[in-house]
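# Next come a sequence and a model predicted from it.
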Amino acid sequence: MSQSTSAAPEKLPKKLYDASRQLVKILRHKIVDIGLSCDSRGFVSVGDLFANRQSGMSRFNDLRIPEDLERIVESNEKKRLELECREDGQYYIRAVQGHSATVGERLDSEQAFESITEP
């Protein structure tokens with residue numbers, strides 16, 4: 001189940017805004033550097049992300065999952081994040097655009113990115 005909405009993004013409280021910025025930074029640029037693993041579409045386990053000391057996400061351990069993460073994903077004006085709940089009940093999150101080369105080379109471009117075609 002992926003989360004997306006076409007409604008206008010809400011303004012986040014400072015703590016959620018700061019968490020959003022940290023998530024975008026990690027998922028677009030730092031996955032490899034901090035030793036997180038992602039699947040071929042770029043999804044990282046939310047549990048692994050918060051447990052990883054180098055991610056800096058431990059300061060956000062009081063976030064409600066999935067409620068606060070859904071708010072972060074839905075409020076991102078550039079739609080840079082996607083949250084997914086899998087059949088095992090675990091949540092996974094990914095950046096959908098703007099990856100650094102070290103992160104992007106680990107992704108399967110056919111699975112990770114949406115093809116854009118002109119009408």
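Great, that's in hand. Numbering: from 1, shown residues only.
# which outside residues touch the longest helix along the chain?
With DSSP state H applied, the helix covering the greatest number of residues in the chain is identified as helix 14-25. Under the criterion Cβ atoms under 8 Å, 6 or more residues apart in numbering, residues 12, 49, 55-57, 60, 63, 68, 71-72, 75-76, 80-81, 93, 95 lie in contact with helix 14-25. To be clear about C-beta, it is placed using only N, CA and C from the backbone, and glycine gets the same treatment.
# Filter those down to just the ones in strands.
Here DSSP state E is the test, and the contacts of helix 14-25 give 81, 93, 95 as lying in strands.
# Name the nearest residue to the first one, sequence neighbours excluded.
This means residue 81. residue 73 (4.7 Å; Cβ to Cβ, 6 or more residues apart in numbering).
# related to what we said a few turns ago, out of the contacts of helix 14-25, flag the one nearest to residue 33.
Checking the contacts of helix 14-25 against residue 33 by Cβ to Cβ gives residue 55 as the nearest, at 10.0 Å.
# contacting residues for the closest one?
With the criterion set at Cβ under 8 Å, 6+ apart, residue 55 makes contact with 22, 26, 30, 34, 36, 49.
# give me that answer again for 6 Å
Residues counted as contacts of residue 55 (Cβ atoms under 6 Å, 6 or more residues apart in numbering) are 26, 34, 49.
# among the helices and strands of the protein, which one scores worst on average pLDDT?
The helix or strand of the chain with the lowest confidence, counting by mean pLDDT, DSSP states H and E, is helix 109-112 at a mean of 50.
# give me the beta-bridge partners of the spatially most central residue of the chain?
In the chain, the C-alpha nearest the mean C-alpha coordinate belongs to residue 94, at 3.3 Å (Cα atoms, centre = their mean). Per DSSP bridges, the residues bridged to residue 94 are residue 82.
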